[in-house]
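**Student:** need a structure here:
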Amino acid sequence: MAIACPRGWLVLALAVASAAPLVAAGAALAAEGPAAGDAAHGPHIVFVTGDDEYGSEISMPMIAKILEAHHGMRATVLYAVGEDGQPDRHGNSIPGLEALRTADAAVFFMRFRQLPQGQLDEIVRYCKSGKPMLGLRTTTHAFKYDGPPNDAWNDGFGREYFGQRWISHYGHENSSIVRVAEGAAGHPIARGLEPTVWLHSWLYVMNDGDQKIPADAEVLQVGDAVKGTRPGGELYGERQPVSWTRELAREEGGRQRIFYTSLGHPRDFSYETPRRLLVNAIYWAIGREGEIPEGGTKVDLAGAYDPPDPH
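**Tutor:** The predicted model follows:
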């Protein structure tokens, strides 16, 4: 698994501890596991992390290790850094975005970044390439530029590609019940997902009045807000779409596959269903949905995973 970070950093092991605010990153990390020999030649999946709330710098490396250990894929994980070039979950620079040029799919988990122009250009180039894009939670509001022309991406990135901009959520002191949507059980991404599951993520509002996800979105999961941060709380509010796909027509022909989920609480990924949702979605995005077993993809952890709780 390639890890992009400041020059001179070297990671001898990648481990996640509950007390660690972020994962130290280095130039490269060899894959481990039975599929490691195949990963160098498998599909290249690039993870672009850079949120300051949900620990994407912890959860996405874990998913990347699953891809390499169990699925013969090659993963690159990119991290935000501060002005001093050191890893910083609040940083407005994400070095290594040139990796998108060789990506077969890109997974974005970003929030309110003001990237340098050259880095934004790499993301825009990828978006316009027609290659698959996957987004998690805060990616609806990945950017927060102060003025034109780049401020068009503040809402535009989420709305134009993933189908919605940031609206609101039900609050940090709540959680969610997530269900496979009616009619979605036959979709390849839904294979092996629990029909109903309680998760830590507080529910995002995606449909509000005339602000709705687009008609071309195929909803895979819906959610209800739960009062409290433990299972068993009272349901309230309006049911919301949680995960969906889109296929956008490309000017040169063909269609660009898009997946989005508002899930992303780091402790959600302690459970199989959110991990399988994302790994299944990566298979679908790169056109290999026929390889997803009826019981879903293998998502056994390929190392320790004990993330902090952002509540």
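
**Student:** let me see the ranges of the strands in the stretch 101-250 of the chain.
**Tutor:** Assigned by DSSP state E, counting those that start in this stretch, the strands in the stretch 101-250 of the chain fall at 105-110, 133-136, 168-169, 174-180, 196-199, 204-205, 218-227, 235-249.

**Student:** just for the chain, where's the confidence low?
**Tutor:** Applying pLDDT under 70 to the chain picks out residues 3-40, 311.

**Student:** if we can go back for a sec, who wins for proximity to V46 among the strands of the stretch 101-250 of the chain?
**Tutor:** Closest to V46 of those, according to C-beta to C-beta: strand 105-110, at 4.9 Å. In this view, the C-beta of every residue, glycine as well, is placed from N, C-alpha and C.

**Student:** so what are the sheet partners of that closest one and their directions?
**Tutor:** In the sheet, strand 105-110 lines up against strand 44-50 (parallel), strand 133-136 (parallel) (DSSP bridges).

**Student:** run the chain-centre distance for the last one.
**Tutor:** Centroid displacement of strand 133-136 relative to its chain, using C-alpha atoms, centre = their mean, to the nearest Å, is 5 Å.

**Student:** same question, the longest one
**Tutor:** With C-alpha atoms, centre = their mean as the basis, strand 44-50 stands 8 Å off its chain's centre.

**Student:** can I get that strand in CSV? Just the C-alpha atoms.
**Tutor:** Coordinates of the C-alpha atoms in strand 44-50 are reproduced here as CSV (Å, rounded to 0.1, in the frame of the first residue of the first chain):
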residue,chain,number,x,y,z
HIS,A,44,-5.2,0.8,-8.4
ILE,A,45,-7.5,2.5,-5.8
VAL,A,46,-6.6,5.9,-4.5
PHE,A,47,-8.0,7.1,-1.2
VAL,A,48,-8.0,10.9,-0.7
THR,A,49,-8.4,11.7,3.0
GLY,A,50,-8.6,15.1,4.6
